[in-house]
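Asks: quick one, what's the 3D model for this:
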Amino acid sequence: MTAYTERAAGSPVADFLSEHAQVLSIAVFFFACLIFFSVTTDTFLTLGNILNVIRQAAPILVVAVAMTLVIITGGIDLSVGSQVALVNAVAAMILAMGYPWPVVVVGMLAFGALLGMAQGWFVAYQGIPAFIVTLAGLSILRGFALYLTQGYSIPIKDVPGFFAIGRGELLSIPVPALIALGVALLGYGVIAYTKYGRQVVAVGSNLEAARRVGMPSKWVVASVYMVSGIASALAGLLIAARLGSGSSNAAVGFELQVIAAVVLGGTSLMGGRGSILGTMLGTLTIAVIGNGLILMHISPFFTQIVTGAIILVAIWLNTKIFTTNFRFGGKKVRG
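Replies: So this is what the prediction gives:
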């Protein structure tokens, strides 16, 4: 007769460290970046620069929260930068016609939802890989933006209410940062406490199993691209309001920063696992590195090299280390 025994309970501290290893690692890296740039530059820790960093990081965080949902389902959205540019340009054109800015904001969010849902339909209901669909979207939507503007910037004039979205402050905190924080809290709440959030994780973990237990798996997959479209529209509005213009050349390379923030924050590219807190830390890390390198008078083009390297290292850690059920203070057990 075979005797079965329970596994000895591990240390609570070791269990906590093992469970939250990814978020803790990015937190350590983030604070290391803060210390490094504080020591190497004189202006990094000034209030003005800190506010500038979080203001510029806000659009990235807004889209990164939605991208977290997309990647949790095992997908990816390469078109977010082009969606931002198209909404940015169209919003400026409509505002220049004299339409009320609240109507334009609501209309652009609906437009973003439509763009995202169109791509989600191809992914979920037609079975085309998300990489292919959104790669096509990247080209098509940027092309529309260029066609509509003919490559020119569209100025936005005399719309103070709209400008407040991108330039305003509340209790000395930039309004874009408050909006981004609200989006992040909403994203955290959705994943942690709602049925929809559990469905997103379930679909990413095993789409076929989710379908077999009666989950609307195709709708869940399509809906995360709709959420991504809404978030991209909001980011486009924030950028237009901050710069006071719309341009088809806005948000070039934006998708690289967003994906870097999400994977750096520990969201698995294989799907089924993600962290909004990690995404927030990843976004701030990307913003801090970009800002710090500029303050050190290093070429801004070098930031692209650093961002690409961060993505590579983050994916390596994601696939080689954090997919293993390692334990601090115990044996490493392969999952």
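Asks: buried residues, stretch 95-102. List them.
Replies: Leu95, Trp101 (16 or more other C-beta atoms under 10 Å). From N, CA and C alone the C-beta is placed, and that goes for glycine too.
Asks: oh, that last question was meant for stretch 191-210, not what I typed.
Replies: Ile191, Gly197, Gln199, Val200, Val201, Ala202, Val203, Gly204, Ser205, Leu207, Ala210.
Asks: next one: stretch 273-280
Replies: Arg273, Gly274, Ser275, Ile276, Gly278, Thr279, Met280.
Asks: got it, and stretch 50-61?
Replies: Judged by neighbour count using 16+ other C-beta under 10 Å, the buried positions of stretch 50-61 are Val53, Ile54, Arg55, Gln56, Ala57, Ala58, Pro59, Ile60, Leu61.
Asks: of all those residues, which comes closest to Met108?
Replies: Comparing those against Met108 with C-beta to C-beta places Pro59 closest, at 13.6 Å.
Asks: distance check, the closest one against Cys33.
Replies: 20 Å (C-beta to C-beta, to the nearest Å).
Asks: same check on Gly98?
Replies: Separation of Gly98 from Cys33 (C-beta to C-beta) stands at 45 Å.
Asks: just the buried residues of stretch 191-210 now: which is nearest Thr41?
Replies: Nearest to Thr41 among these, counting by C-beta to C-beta, is Ile191 at 35.9 Å.
Asks: what about the closest one, which helix or strand?
Replies: Using DSSP states H and E, Ile191 falls within helix 175-193.
Asks: what is the orientation angle of the helix or strand just after that helix with helix 175-193?
Replies: Per DSSP H and E, helix 175-193 leads on to helix 195-205 as the next helix or strand towards the C-terminus. Angle, helix 195-205 to helix 175-193, by axes from the mean of the first three to the mean of the last three C-alpha atoms, to 10 degrees: 80 degrees.
Asks: and helix 195-205, what does it pack onto?
Replies: Under the contact criterion of 3 or more C-beta pairs under 8 Å, 6 or more residues apart in numbering; DSSP states H and E, helix 195-205 touches helix 47-72, helix 175-193, helix 207-212, helix 217-243.
Asks: out of those helices, which is closest to Val104?
Replies: Smallest distance to Val104 across those (C-beta to C-beta): 8.3 Å, for helix 217-243.
Asks: returning to what we had before: which two in the buried residues of stretch 50-61 are spaced the farthest apart?
Replies: Pairwise over these, using C-beta to C-beta, the maximum falls at Val53 and Pro59, 12.8 Å.
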